[in-house]
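Colleague: Mind folding the following:
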Amino acid sequence: MTARYLAVIDHPGGVTPESTYLDGYKLLEGILLKPIGLSIKSGLSVYNDSDGIHDNVWDWSLERSVVADHKIVIDVAQYASSAPKGSVFTGNRIQAYLSNFRVGGQVRLAPAVYLTLLGGGSYLGTGGALRPVFNFQITASPVDRWTFDLSAGREFLGVTPRAIDRSIASTSVAGTVQLAVDSRTFLSVRADRRYWSDANRSIASETTLRKILHYNKRFFVDAGLLSHGGPLLFPQLGLHRVIDLGVWWHEQTGMPLPLGGNAVRRALGLEIGRAIAKTIRDSVEYGLEHREEALNYAMQFARDMETELADKFISMYVNRWTLGYGELGKRALTELIARGTAAGLLPGPATVEFLSEE
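Modeller: So this is what the prediction gives:
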């Protein structure tokens with residue numbers, strides 16, 4: 001519930017969120033807390049008709065969370081390449097094989113900052129010495145919607161028999177910038193600089209626009225928390241309700257569950273604080289008095305909701321509680337913040353004052 005009263009939290013800067021935009025999306029994609037993640041890329045085959053080159057790659061990757069957002073990673077890959085006899089791409093043999101393995105992990109250094117280190121070896125199908133390979137990657141999202149990626153690594157070329165037999169390796173440095181335009185649209189720019197063991201150098205760059213046309217709700221998580229319109233839509237998503245937290249909170253406290261509020265810095269003073277509270281109340285009152293007009297305006301943000309369902313959704317968030325907490329609402333918010341502070345989820349002290357516009 002939001003209200004005509006502004007909760008004044010005695011803590012400079014408010015509450016620092018532990019989870020960020022990037023953290024949330026990594027969780028939804030099954031990257032963070034998936035107990036065991038096995039990825040198999042097998043049978044990828046590329047055939048170059050003009051030169052008769054046939055390249056195959058098989059890749060198995062195992063990820064397992066160990067503590068919180070940290071995980072270990074094991075990756076094994078095998079490359080096979082063939083070319084016509086006598087071709088410039090064959091060298092001494094018309095077929096060649098290359099195997100790689102890497103072991104390491106990913107560490108969450110800070111909210112939305114991840115460091116990945118992998119090390120291992122590469123060896124030819126004909127035997128010989130084990131040659132070192134490595135990968136380093138740091139990914140950070142210091143500003144919501146923006147993700148920055150810096151990586152470096154060493155690997156051996158796994159295409160054409162000649163390149164495999166000559167053990168051509170590259171040491172690379174790369175960087176990526178990605179902007180999440182919205183929850184379904186991503187724009188990224190990547191640049192890759194490589195230094196090759198045969199004295200060559202290369203620079204590659206690419207720009208990618210990715211658009212998710214439809215979400216698959218079957219994410220790799222056992223359970224999740226639904227907010228906003230989720231409690232109304234979960235049956236349509238094929239989800240099962242474990243517990244209704246609003247009902248649970250009422251059973252625990254006998255009070256309504258505060259869903260949201262507005263906070264103002266104490267340094268702004270009472271006059272500005274009361275002006276803000278009055279402006280919010282006037283806006284809510286106007287919306288309630290012109291419900292049909294307000295609903296029609298809100299429908300442009302309703303995504304896949306029908307009008308009737310959207311009206312029900314709005315009623316959950318804009319109602320009599322929005323115009324004023326009242327004594328019961330104040331006790332409910334105070335209790336929620338006190339419990340959050342006691343659980344270590346909010347910084348102390350749990351001091352809340354309510355500022356009316358009068």
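
Colleague: And the strands in this protein?
Modeller: 6-9, 36-48, 53-67, 70-82, 95-110, 113-124, 127-143, 146-156, 169-182, 185-196, 201-211, 352-355 (DSSP state E).

Colleague: Of all those strands, which one is nearest Phe89?
Modeller: Across those, Phe89 has its closest neighbour in strand 53-67 (5.8 Å, C-beta to C-beta). Backbone N, C-alpha and C define where each C-beta goes, glycine included.

Colleague: For that closest one, C-alpha coordinates in PDB please.
Modeller: C-alpha atoms of strand 53-67 as PDB (Å, rounded to 0.1, in the frame of the first residue of the first chain):
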ATOM      1  CA  ILE A  53      36.800 -28.400 -45.000                       C
ATOM      2  CA  HIS A  54      34.700 -30.200 -42.500                       C
ATOM      3  CA  ASP A  55      34.900 -29.000 -38.800                       C
ATOM      4  CA  ASN A  56      33.200 -30.600 -35.800                       C
ATOM      5  CA  VAL A  57      33.100 -29.700 -32.200                       C
ATOM      6  CA  TRP A  58      31.600 -31.300 -29.100                       C
ATOM      7  CA  ASP A  59      31.400 -29.300 -25.800                       C
ATOM      8  CA  TRP A  60      30.400 -30.400 -22.300                       C
ATOM      9  CA  SER A  61      30.200 -27.900 -19.500                       C
ATOM     10  CA  LEU A  62      29.200 -28.600 -15.900                       C
ATOM     11  CA  GLU A  63      28.500 -25.900 -13.400                       C
ATOM     12  CA  ARG A  64      27.700 -26.300  -9.700                       C
ATOM     13  CA  SER A  65      26.900 -23.700  -7.000                       C
ATOM     14  CA  VAL A  66      29.000 -24.100  -3.900                       C
ATOM     15  CA  VAL A  67      28.300 -21.100  -1.700                       C
END
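
Colleague: Could you check how far it is from the centre of its chain?
Modeller: 21 Å (C-alpha atoms, centre = their mean, to the nearest Å).

Colleague: what does stretch 134-149 give?
Modeller: Centroid separation for stretch 134-149 versus its chain: 11 Å, with C-alpha atoms, centre = their mean.

Colleague: List the contacts of it.
Modeller: The contact list for stretch 134-149 (C-beta atoms under 8 Å, 6 or more residues apart in numbering) reads 20-22, 102, 104, 112-120, 150-154, 174-181.

Colleague: let's see it at 6 Å
Modeller: For stretch 134-149, contacts defined as C-beta atoms under 6 Å, 6 or more residues apart in numbering pick out 21-22, 112-119, 150-154, 176-180.

Colleague: Now the buried members of the residues you listed.
Modeller: Among those, those buried by neighbour count (16 or more other C-beta atoms under 10 Å) are 21-22, 112-118, 151, 153-154, 176, 178, 180.

Colleague: Just to confirm, which residue in the chain is farthest away from the center?
Modeller: Gly86 (49.8 Å; C-alpha atoms, centre = their mean).

Colleague: quick one: which of the buried ones among the contacts of stretch 134-149 is nearest to Gly269?
Modeller: Tyr21 (32.4 Å).

Colleague: And for stretch 198-218, what's in contact with it?
Modeller: So stretch 198-218 is contacted by 168, 184-195, 237 (C-beta under 6 Å, 6+ apart).

Colleague: what do you get if the cut-off is 10 Å, keeping everything else the same?
Modeller: By C-beta atoms under 10 Å, 6 or more residues apart in numbering, the residues outside stretch 198-218 that reach it are 28, 30, 157, 163, 166-170, 172, 174-176, 178, 180-196, 233-234, 236-239.

Colleague: For that stretch, buried residues please.
Modeller: Buried-residue list, stretch 198-218, by 16+ other C-beta under 10 Å: empty.

Colleague: Need the single longest helix in this structure, by residues.
Modeller: Longest helix of the chain, by residue count under DSSP state H: helix 269-289.

Colleague: wouldn't Trp249 be in contact with Met255 here?
Modeller: Yes: the criterion here is C-beta atoms under 10 Å, and Trp249 meets it with Met255 at 7.3 Å.

Colleague: Mutual contacts of these two, please.
Modeller: 332, 335-336.

Colleague: quick one: which of those residues has the most company?
Modeller: For those, the largest number of neighbours (other C-beta atoms under 10 Å) sits with Ala332, at 22 neighbours.

Colleague: show me the contacts for that residue.
Modeller: 1, 249-250, 253-258, 321, 325-326.

Colleague: pLDDT value on Gly121, please?
Modeller: Per-residue confidence (pLDDT) for Gly121: 94.

Colleague: For it, give its distance to Asp75.
Modeller: 12 Å (C-beta to C-beta, to the nearest Å).
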